[in-house]
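Participant: fold the following and give me the result.
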Amino acid sequence: MNLPDIKAFIAFAETGSINRAALRLGLTQPATTRRIQNFEALVVGTSLLDRRVKPAVLTPAGRRVLAQCQRVLKAVAELEACGASHTNPTGQFRIGLSPGLAEIVLSTTLDGLRERFPDLQLRVTSEWTSQLIRKVADCDLDCAIAFVTDHHTLPLTVSSTVIGVETLVVVAARTFDTPRKNGKSVRIRDLESYGWIVNPVGCGYRETLQRAFDRTNASCRFVADVLGYDLHLSLVAKGAGLGLVPSRLVKASPLRHKFRIITVKDFQPEVRAMLLRGTSLGNLSLAVNHLEERMSAVLGPRKQLA
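Facilitator: Numbers count the residues shown, from 1 in each chain. Here you go, the predicted model:
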């Protein structure tokens, strides 16, 4: 049993096809198929793939073997990192950011990273958290700083550290008339008849809002799908709908005198700012550790972003 065969099996299991596994590994499809077959032949007496369906899927035994293989790959990556820990990292360092974190990270943190590791070539991208998680797992990113909600699932190949907590608030125009019943505080289902201004599909905040309504068997009506909280707050201030926006952005907005925060008794969401790292980092672990330390210093461990 060798590491390339294990990596081929993991790639197929995580991508769901020989073609995508081959692209991840930088191999041809026949070469990828041979590696997977070699690995299957060594796991005697157990069928790892159900080929009665197209494309083939993992059997229950295959899923158990996959979990073990992922642990092996992670252990090998950690061993490689130990062996390379005495040298400064070089080459490309790929970092992913959730929207809303770019201004925090790019303003000071990356400058310090460049000074500490001048031979690194930084490549920074901004995408929704679900995409960042997938890309870290697929080794398309070395690490990511992302806002993670309860509905996100982290693969075993992605490790995480909480570096801050973001508080979200429901915001409305200053003239908004709070729907109160019999003098009671507002609950999420009381806002069912109002429209919401949200980010496009893929945003974790949007998913958090939708799930809150689903839990009360109420409907959530989206009236605008727009990217960028400056535009969100502008539309909210004009009375176009309600918004779910990070508290720190509401406080910092030049329009803050034109809207109000609505306290919703059963909906006070928080999301975690997390540093996600993948496997096989080698001495890039030094750069990831430095990034984690700088971000923790800026945000504070489990500290509210404000």
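
Participant: so where's the stretch 201-306 of the chain uncertain?
Facilitator: Flagging of the stretch 201-306 of the chain using pLDDT under 70 yields the residue ranges 280, 300-306.

Participant: 90 instead?
Facilitator: Within the stretch 201-306 of the chain, the stretches with pLDDT under 90 are 201-207, 227-230, 246-249, 251-252, 268-273, 278-286, 290-306.

Participant: mind listing the strands for it?
Facilitator: Per DSSP state E, counting those that start in this stretch, the stretch 201-306 of the chain has strands spanning 221-225, 242-246, 259-262, 270-277. These are given in chain order.

Participant: between those, which one is nearest to residue 120?
Facilitator: Comparing these by their distance to residue 120 (CB to CB), the top pick is strand 270-277, with 15.4 Å. Placement of C-beta: from N, CA and C, glycine included.

Participant: list the buried residues of that closest one.
Facilitator: Across strand 270-277, burial judged by 16 or more other CB atoms under 10 Å covers 271, 272, 273, 274, 275, 276, 277.

Participant: residue contacts, the fifth one?
Facilitator: If I follow you right, that is residue 275. The contact partners of residue 275, taken as CB atoms under 8 Å, 6 or more residues apart in numbering, are 143, 144, 145, 160, 161, 163, 288, 291, 292, 295.

Participant: in the sheet, who's paired with it?
Facilitator: In this structure, residue 275 bridges to residue 145, residue 161 when assessed by DSSP bridges.

Participant: contact partners of the longest helix seen in the chain?
Facilitator: Looking across the chain with DSSP state H, the single longest helix is helix 60-84. For helix 60-84, the surrounding residues in contact (CB under 8 Å, 6+ apart) are 3, 6-7, 9-10, 13, 43, 46-50, 58, 155-157, 159, 279-283, 285.

Participant: could you turn the buried ones of those residues into a PyMOL selection?
Facilitator: Selecting only the buried entries of those in PyMOL, with 16+ other CB under 10 Å as the criterion:
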select buried, resi 6+7+9+10+13+48+49+58+157+159+279+280+281+282+283+285
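
Participant: tell me which of the strands of the stretch 201-306 of the chain sits nearest to residue 28.
Facilitator: Shortest distance between residue 28 and the strands of the stretch 201-306 of the chain, using CB to CB, is found for strand 270-277: 29.6 Å.

Participant: and the closest one, how far out from the chain's middle?
Facilitator: Its chain's C-alpha centre and that of strand 270-277 lie 7 Å apart, by CA atoms, centre = their mean, to the nearest Å.

Participant: that strand versus helix 60-84: what angle between them?
Facilitator: Inter-element angle recorded for strand 270-277 and helix 60-84: 70 degrees (by axes from the mean of the first three to the mean of the last three CA atoms, to 10 degrees).

Participant: I figured residue 104 hits residue 297, correct?
Facilitator: No: shown here, residue 104 and residue 297 do not form a contact pair, counting by CB atoms under 8 Å, at 11.7 Å.
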